[in-house]
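Chemist: Predicted model follows, preceded by the sequence.
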Protein chains: 2
Amino acid sequence: MQSTKKILSALDVKPFTFSPPLFLSILLVVIIAIGTLLLKLPISTVHPISWLDALFLSTSASTVTGLSPFETGETFTFFGQVVLMLLIQIGGIGVMSFAVFFVILLGKKISIRQRQLMQEALNVPSIGGVIRLVSWILIFSFAIELIGAFFLAFRFVPEFGWGKGLFYGLFHSISGFNQAGFSLFPGSMHHYLGDPIVNLTMVTMITLGGIGFTVLAELLSTHRFRKLSLHTQVMVVGTLVINVLAVLAIFLLEYRNPNSLGPLSLGDKFWAAFFQGISPRTAGLTTIDPAGLSQASLLLTMLMMFIGAGSTSTSGGIKLTTFMIVIAQVFTFLKGRREVVINKRAVNHQVIVRAVSIISISIIVILIALFLLCISENQPFEVILFEVISAFGTAGESIGATAHLTPFGKVVIMGVMFFGKVGPLTLAFSVTRRSHVDIRYPDGEIYTG
Amino acid sequence: MQSTKKILSALDVKPFTFSPPLFLSILLVVIIAIGTLLLKLPISTVHPISWLDALFLSTSASTVTGLSPFETGETFTFFGQVVLMLLIQIGGIGVMSFAVFFVILLGKKISIRQRQLMQEALNVPSIGGVIRLVSWILIFSFAIELIGAFFLAFRFVPEFGWGKGLFYGLFHSISGFNQAGFSLFPGSMHHYLGDPIVNLTMVTMITLGGIGFTVLAELLSTHRFRKLSLHTQVMVVGTLVINVLAVLAIFLLEYRNPNSLGPLSLGDKFWAAFFQGISPRTAGLTTIDPAGLSQASLLLTMLMMFIGAGSTSTSGGIKLTTFMIVIAQVFTFLKGRREVVINKRAVNHQVIVRAVSIISISIIVILIALFLLCISENQPFEVILFEVISAFGTAGESIGATAHLTPFGKVVIMGVMFFGKVGPLTLAFSVTRRSHVDIRYPDGEIYTG
Ligand SMILES: [K+]
Ligand SMILES: [K+]
């Protein structure tokens, strides 16, 4: 621990002019700009697309959202599809491992105490350790993506031949692990609705990518639940509960719906509910057309897109822990208690303030975007609402709005995607100036946003 | 002050078995039950109505909401209309003055410090003073209602003759001051769209009734803004700002809309925007059909219905101060500050927790109700959403859902109206157990819910 402190205080000597969140935003803008140029190249598309659409696609890929005004598989050439895949990889794992790096090592605005907490949680004792961690994140992610591609190839190679089959396997594995929501098939993954290999592989990729790198790192190094950090405990239990509930709800709500599960066999009904229950929180890939879902399922899907997956994952949205902290605060209030306690560990008051602020600001952004689109677009209210929440959660599901957006509407949705990707993250790592030290209880740290 | 403390500690000796909020809920249930019986009487209606509709109307009137599956003026006889008016008066001013009485004098769960704060704010030094205050509230309210009825009579007596004209004046004055949203005219107040007397009288009644009794009491006794309590300052400024913004927004958004302001003269456009901007936060009376509003205006209206008017008013919703406290917390967080300060007065942390909890629980209730109605009702999403938020805010505007609700849907909406009336109030006056005293700053008290 002593060596860490020395290193950190040594680092503190050199002033770092950009705050990490600002740096992250600038980085993302640069990636989006380069992506726009590449996607606008004539060799990227089968037929020319507008600058606005190139910008929209680049933003959608770099923020790992997946919204697109046209079918990506039909519009982009192999070159264009590779660009898209790289944007997803850079915008997803790339930006996030960069964020992890910054948060742990260089964050000027992060207090030493917090850095220590994060380092303790991650078992990272030194600069070398942090670099090892980030390298580990990258290598580990690539390995998972390759394994995913391997399994998907079992389905795609027989169907499309070696070249296209392997590429499709890799593309969808990357899209799934990064929660990108892009598919090269017309109508997302609808063709593989009842396919166990595709379903299980994709849902595994989505779940692993969505739970957050710090959680993955801890789960691999710690095997007893009680020894896990509070954050990881909350993420594991929360993910399980919300996924099981969502799958069950979709299954029951859509069982007889002639536009979704109704016409399917019992087995296909299960697979479709399984995929639709787990995917929308951030991945946004679909095996049935969400436009056919009942109002109740759409409401549930919007709620899940808003919540999103885990902190330090590639997902957008407010994040599962942020949501659960506010729920915990509400229960604490209803019980007449003063201090929020989750699994015998107190949650610091500033963590709650941060969670509340993230949710409030997110709702304000969503309402402003919704208000603007209500004025500019001529589409049903729930279609616009669904689109805005999908963009905010960088989920990427759409019930039809994207294809008919006005240019102004596209700009608004791009803004929401960008905010959904960096907004909660930025807010989560902004730290309140402390007027004086007033820690009274041992705090269980939970990351939000 | 010393005598107050003695009285309070003397009162504390006698245990009070019901908590005031629970007592309030039970009281409201009794009022609704009696109202249902009276409205079901054959002499109350022109043609028989079902028990469910009688219960719905009684709930709607007692919670001062104003939702109704049929035109009240055409369905109820004079006797039925008087019952409705009395339910509004009892559910509005009656329940609220009762709540004020309980909160100040008998609230076992309210700390002595809080009671003192409320008493200081209200300049109420003794039991006699509290009884005087409640009497004052009642007399003052009746006086305002009579003055309102007097002005409305100038319009209604020439139109309907003395008997009906005076009664209509009194009914709509009471409906406005209590934020009840009931009108005896077909299509709410649409016939008086451009009428200055009706517009100004009704908006005055709505504003006076909506700002809260404690605010009215303070405004009458204190004439310098800086000497007002923080709560009153926030309410006065907040009400002004939100009303001006809403009127402007409706005017601009609907200016060309052929289904709302479009066909009107410039003067009528102004009056209609004036009424639609101010009424929806809780009154719910309308001079144009809200179903004709653009999506953007509907969104704005829903937001205003959710927020509602002032604490210790007869309104529902989360209340304006609750909303503003969370907004203040967000700004404090964004500025990197630790303590929420409004107009140089610190806001106690528990007040913020309470506000956050009220909003969170309200959103959860709205989402559950919306989810149930999505399953049970066959109506467009935004129509159901509007209905649920209107019921929660006890606003009473509808864009068509009420008339077509299934019996199950009516039960859900009744539940939401009931929660909207007593839920935030109950949560606002529930007090957190303090483990130890830790007041570090002079707190400016703000009531929420
Ligand atoms: K996505
Ligand atoms: K009302």
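Modeler: Noted; the coordinates are in hand. Being a predicted model, the structure only gives us computed values, none of them experimental. Ligands and ions are numbered 1, 2, ... in the order given.
Chemist: Thought A:L38 was touching A:V83, still the case?
Modeler: Yes: counting by C-beta atoms under 8 Å, A:V83 does reach A:L38; the two are 4.6 Å apart. Using the backbone N, CA and C atoms, a C-beta is placed for each residue, glycine as well.
Chemist: Let's verify the residue nearest to the spatial centre of chain A: helix, strand, or coil?
Modeler: Note on chain A: the residue nearest the mean C-alpha position is A:S315, at 0.9 Å, using C-alpha atoms, centre = their mean. Secondary structure, DSSP: H, G, I helix; E, B strand; the rest coil: A:S315 is coil.
Chemist: What of A:L264?
Modeler: Counting by three-state DSSP, the backbone at A:L264 sits in coil.
Chemist: Dihedrals phi and psi, the residue nearest to A:L293 when sequence neighbours are not counted?
Modeler: Nearest non-adjacent residue to A:L293, counting by C-beta to C-beta, 6 or more residues apart in numbering or on different chains: A:S260, 5.4 Å away. Dihedral angles phi and psi of A:S260 (degrees, to the nearest 10) take the values phi -140, psi -100.
Chemist: ok, now which ones touch A:S260?
Modeler: Listed by C-beta atoms under 8 Å, 6 or more residues apart in numbering or on different chains, the contact partners of A:S260 are A:254, A:272, A:288-289, A:292-294, A:297.
Chemist: What is the nearest of those residues to B:L334?
Modeler: Closest approach between the contacts of A:S260 and B:L334, by C-beta to C-beta: A:S297, at 35.3 Å.
Chemist: so that closest one is in which element?
Modeler: helix A:295-307 (DSSP states H and E).
Chemist: What separation is there between A:R337 and chain B?
Modeler: From A:R337 over to chain B the distance is 7 Å, taken as C-beta to the nearest C-beta, to the nearest Å.
Chemist: Specify the local secondary structure of that residue.
Modeler: Three-state call for A:R337 (three-state DSSP): coil.
Chemist: Now do the phi/psi pair for it.
Modeler: phi -90, psi 160.
Chemist: again, but for A:M235
Modeler: Dihedral angles of A:M235 (phi, psi; degrees, to the nearest 10) stand at phi -60, psi -40.
Chemist: wait, doesn't it sit right on A:G210?
Modeler: No: assessed by C-beta under 8 Å, A:M235 is found out of contact with A:G210, at 9.5 Å.
Chemist: residues shared between the contacts of the two?
Modeler: Here A:M235 and A:G210 have A:G310 as joint contacts, going by C-beta under 8 Å, 6+ apart.
Chemist: Poorly predicted segments of chain A, please.
Modeler: Along chain A, segments meeting pLDDT under 70 span A:1-21, A:99-130, A:429-449.
Chemist: surely A:A428 meets A:R354?
Modeler: Yes: using C-beta under 8 Å, A:A428 is in contact with A:R354, at 6.6 Å.
Chemist: for chain A, longest helix please?
Modeler: Counting by DSSP state H, the longest helix found in chain A is helix A:127-160.
Chemist: Okay, buried residues for that one please.
Modeler: A:127, A:129-130, A:133-134, A:136-137, A:140-141, A:144-145, A:147-149, A:151-153, A:155-157 (16 or more other C-beta atoms under 10 Å in any protein chain shown).
Chemist: Among the residues you listed, which ones lie close to ligand 1?
Modeler: Restricting those to those touching ligand 1 (C-beta under 5 Å from the ion) yields no residues.
Chemist: any idea which helix or strand carries whichever residue of chain A sits closest to ligand 1?
Modeler: Nearest to ligand 1 in chain A, going by C-beta to the ion, is A:G181, at a distance of 3.2 Å. Assigned by DSSP H and E, A:G181 falls within no helix or strand.
Chemist: that older thread, overlap in contacts of A:V83 and A:L38?
Modeler: Common contacts of A:V83 and A:L38 (C-beta under 8 Å, 6+ apart): A:S44.
Chemist: out of these two, which sits in the busier spot?
Modeler: Higher neighbour count among A:V83 and A:L38: A:V83, with 23 against 19, using other C-beta atoms under 10 Å in any protein chain shown.
Chemist: Now do the same contact list for the more buried one.
Modeler: Taking C-beta under 8 Å, 6+ apart, we find A:V83 in contact with A:35, A:38-39, A:44, A:76.
Chemist: and A:Y192, what does it touch?
Modeler: With the criterion set at C-beta under 8 Å, 6+ apart, A:Y192 makes contact with A:155, A:198-199, A:287.
Chemist: Any chance of TSV for those residues, columns distance to B:S362 and secondary structure?
Modeler: Formatted as TSV, the contacts of A:Y192 follow (distance: C-beta to C-beta, whole Å; DSSP: H, G, I helix; E, B strand; the rest coil):
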residue	distance to B:S362	secondary structure
A:R155	47	helix
A:V198	41	helix
A:N199	38	helix
A:T287	35	coil
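Chemist: Which single one of the residues you listed is nearest to ligand 2?
Modeler: Set against ligand 2, the nearest of those by C-beta to the ion is A:T287 (45.0 Å).
Chemist: So the closest one sits against A:F185, correct?
Modeler: No: using C-beta under 8 Å, A:T287 is not in contact with A:F185, being 10.4 Å away.
Chemist: which parts of stretch A:43-57 are buried?
Modeler: A:44-45, A:49, A:53-57.
Chemist: So which of those residues sit within helices?
Modeler: Counting by DSSP H, the part of those found in helices is A:53-57.
Chemist: The stretch 151-300 of chain A: helices as residue ranges?
Modeler: Applying DSSP state H, counting those that start in this stretch to the stretch 151-300 of chain A gives helices spanning A:162-177, A:196-210, A:213-221, A:230-254, A:266-278, A:295-307.
Chemist: Pull the residues that contact stretch A:173-180.
Modeler: By C-beta under 8 Å, 6+ apart, the surrounding residues in contact with stretch A:173-180 are A:61, A:64-66, A:85, A:88-89, A:91-93, A:141, A:144-146, A:148-149, A:152, A:181-183, A:201-202, A:205-206, A:208-210, A:282-285, A:309, A:313-315, A:394, A:396.
Chemist: No more questions from me, cheers.
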